[in-house]
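> this one's sequence-less:
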């Protein structure tokens, strides 16, 4: 029987990049003989409901095309299913960040190749982060990075990933180290830090390798701590995150755990905010737990 695929796509993602790539993506999926249904959606609630409906209907694959926000909805729709033959998640990059796609070995610049993986690939069960009643696929950000994300989300201009460098510069002007209380597999630490990031995969922010050794199949969470540095040093470290080279700096500490509790406050006593997959998770305290092999994903047969 042909593979039944429901494709939920945000055509406005990537400043229209998803809409431009959609015809070629559909052609590639149909060329495999798939029984394809396409559901365009620009509304968060509508997209979430469409994905839940696809899973409930027993589709073989829920394919999601858009940015990391759409991928976040998709993995939450497909994770931890009780069915013996669950709906698999397929990822097709169409946004500006595409960090979840990077994390599973897809080329973020080639949605048609990703469609080929969805059409012809095989199943692999990946770990996720369980936090605040939801799943996170890539990275949980809790410090300077989360504040930059929040500031960028509130900026009407520029659009897309260009907001983030500007938001980082603006946040840097007023930023002070944060006071953290961490519990890693029961071990308590109190410290000041610029950020603490909890990673299931390696990147966030459109390719910044904040957890360069993270692996979504190893049953562990990777934790990156950047200890207090002056603003100039942090500014120099930020571009080094694109290669992971920043991790060599003595202010960077990398840890691993299966359960991470993050609590703390800003220098003025306010609560820390947290973001996962670019979506706001909420204020601390939060408990992040590795959820092994809960996401049935379509991956390349070459992996």
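Arrived safely, thanks for sending. Nothing here was measured: the structure is a model prediction, and the numbers come from that model. Numbering: from 1, shown residues only.
> So, low pLDDT: which residues of the stretch 151-300 of the chain?
Residue ranges of the stretch 151-300 of the chain with pLDDT under 70: 159-161.
> 80 instead?
Applying pLDDT under 80 to the stretch 151-300 of the chain flags residues 153, 156-165.
> all strands for it, in order.
Ranges of strands in the stretch 151-300 of the chain, per DSSP state E, counting those that start in this stretch, are 178-184, 187-193, 195-199, 221-226, 252-257, 259-265, 273-276, 279-283, 286-299.
> of these, which approaches residue 96 most closely?
Among the strands of the stretch 151-300 of the chain, strand 279-283 comes nearest to residue 96, with 14.6 Å by C-beta to C-beta. Bear in mind the C-beta positions are built from the backbone N, C-alpha and C, glycine included.
> mind listing what's buried in the closest one?
Using 16 or more other C-beta atoms under 10 Å as the test for burial, strand 279-283 gives 279, 281.
> ok, now stretch 292-303?
Those would be 292, 294, 295, 296, 297, 298, 299, 300, for stretch 292-303 by 16+ other C-beta under 10 Å.
> Please produce a markdown table containing the strands of the stretch 151-300 of the chain, extended by distance to residue 133.
A markdown table is the format used below for the strands of the stretch 151-300 of the chain (distance: least, C-beta to C-beta, whole Å):
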| stretch | distance to residue 133 |
| --- | --- |
| strand 178-184 | 19 |
| strand 187-193 | 24 |
| strand 195-199 | 16 |
| strand 221-226 | 17 |
| strand 252-257 | 20 |
| strand 259-265 | 15 |
| strand 273-276 | 12 |
| strand 279-283 | 9 |
| strand 286-299 | 10 |
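> Comparing those strands, which comes out most buried?
strand 195-199 (a mean of 27; mean count of other C-beta atoms under 10 Å).
> Give me the angle between that strand and strand 178-184.
Counting by axes from the mean of the first three to the mean of the last three C-alpha atoms, to 10 degrees, strand 195-199 lies at 30 degrees to strand 178-184.
> Check which strands are paired with strand 195-199 and give the direction for each one.
strand 139-141 (antiparallel), strand 221-226 (antiparallel) (DSSP bridges).
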